[in-house]
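A.B. asks: Task: produce atomic coordinates for the following.
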Amino acid sequence: MYNIEVCLSPELIHLYQPEGKTVVVTDIFRATSCMVSGLAKGVKQIKTVAEIEESVPFHEQGYFRAGERNGNKIEGFELGNSPFDFIEEQYIGERIVMTTTNGTRAISLSQKADQIVIGAFLNLKAVTEYLSQPEKDLLIVCAGWKGRFSMEDTLFAGALCSELKDNYESNDDSALAANSLYQLAKNDLYGYLLQASHTKRLDGLKFKKDIHFCLDKNQFSNVPVLKEGFIENA
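C.D. replies: Residues are numbered from 1 along each chain as shown. Down below sits the predicted model:
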């Protein structure tokens with residue numbers, strides 16, 4: 001039986017050796033929620049880059065730019081890091097280049113995996129079904145916040161572990177902890193996360209609508225994956 005593990009921060013990914021595994025990257029607030037939403041609503045393709053400067057050649061090729069630093073939209077970019085930006089009709093059929101504080105970095109650090117899947121509460125059921133016939137070990141990478149643990153990403157990891165408990169085995173304490181936290185929180189994710197640091201940070205930036213949206217399970221049925229360096233629907 002294949003194994004499932006949870007990496008609670010990108011800073012720990014070297015301990016998990018993503019090579020030869022399927023990696024699910026999650027950044028609930030808000031990068032992977034944006035990717036899932038945009039691609040579900042017609043965005044053609046998303047390119048993630050670690051640094052703002054790396055977005056320039058893609059913008060010159062016609063990509064719209066999306067991104068944030070410390071939660072705030074990058075000056076001059078067309079989109080920020082809100083899923084509501086990504087579902088606007090003007091981006092149907094368009095390509096987006098994206099850079100964020102945490103999520104795009106987690107994707108970059110997972111590049112050695114055999115496959116990278118983009119996960120969020122918004123497509124939890126779809127990701128579960130996509131991974132329900134294991135072909136290799138599974139690693140869930142939580143984007144965290146500037147290298148630190150984040151509760152919302154860990155809760156998603158726990159949710160996915162719970163949904164896949166009959167498909168994978170686990171001897172990983174991080175997966176056990178994530179699942180245990182999810183069992184405590186699953187009936188009221190928003191209420192459980194009210195005291196979490198990232199929730200407070202976004203609420204202070206007036207993104208409460210984003211918070212509620214990103215915690216809404218199974219709104220979309222698409223599964224974004226990394227294909228030859230670009231994120232597209234599987």
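A.B. asks: hey, C-alpha coordinates of the host helix or strand of residue 56 in CSV?
C.D. replies: Here residue 56, judged by DSSP states H and E, is contained in helix 56-60. In CSV, the C-alpha atoms belonging to helix 56-60 read as follows (Å, rounded to 0.1, in the frame of the first residue of the first chain):
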residue,chain,number,x,y,z
VAL,A,56,8.2,40.4,-16.8
PRO,A,57,8.9,38.1,-19.9
PHE,A,58,5.6,36.4,-19.5
HIS,A,59,3.8,39.7,-19.2
GLU,A,60,5.5,40.8,-22.4
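A.B. asks: for the helix or strand of the chain with the lowest mean pLDDT, the distance to its chain's centre please.
C.D. replies: The helix or strand with the lowest mean pLDDT-type score in the chain, counting by mean pLDDT, DSSP states H and E, is helix 197-204 (a mean of 77). Its chain's C-alpha centre lies 17 Å from the corresponding centre of helix 197-204 when counted by CA atoms, centre = their mean, to the nearest Å.
A.B. asks: who touches it?
C.D. replies: Residues outside helix 197-204 that contact it (CB atoms under 8 Å, 6 or more residues apart in numbering): 29-30, 71, 145, 150-152, 193, 208, 210-211. Where you see a C-beta, it was placed from the backbone N, CA and C, and this is true even at glycine.
A.B. asks: elements contacting the helix or strand following that helix?
C.D. replies: Using DSSP H and E, the helix or strand that follows helix 197-204 towards the C-terminus is helix 208-214. In this structure, helix 208-214 packs against helix 83-86, helix 189-193, helix 197-204, with contacts taken as 3 or more CB pairs under 8 Å, 6 or more residues apart in numbering; DSSP states H and E.
A.B. asks: Name the residues of the first one that come out as buried.
C.D. replies: Right, helix 83-86. Burial within helix 83-86, assessed by neighbour count using 16 or more other CB atoms under 10 Å, is assigned to 83, 85-86.
A.B. asks: helices or strands next to it in the packing?
C.D. replies: Using 3+ CB pairs under 8 Å, 6+ apart: helix 83-86 touches helix 31-40, helix 208-214.
A.B. asks: residues in contact with that helix?
C.D. replies: 30, 33-38, 41, 43, 66, 79, 96, 122, 209-210, 213-214.
A.B. asks: before we move on, back to that, let me know which of the helices and strands packed on helix 208-214 is the nearest to residue 168.
C.D. replies: Residue 168 sits nearest to helix 189-193 of all the helices and strands packed on helix 208-214, at 22.8 Å, using CB to CB.
A.B. asks: Off-centre distance for that closest one?
C.D. replies: So, by CA atoms, centre = their mean, the centroid of helix 189-193 is 18 Å from its chain's centroid.
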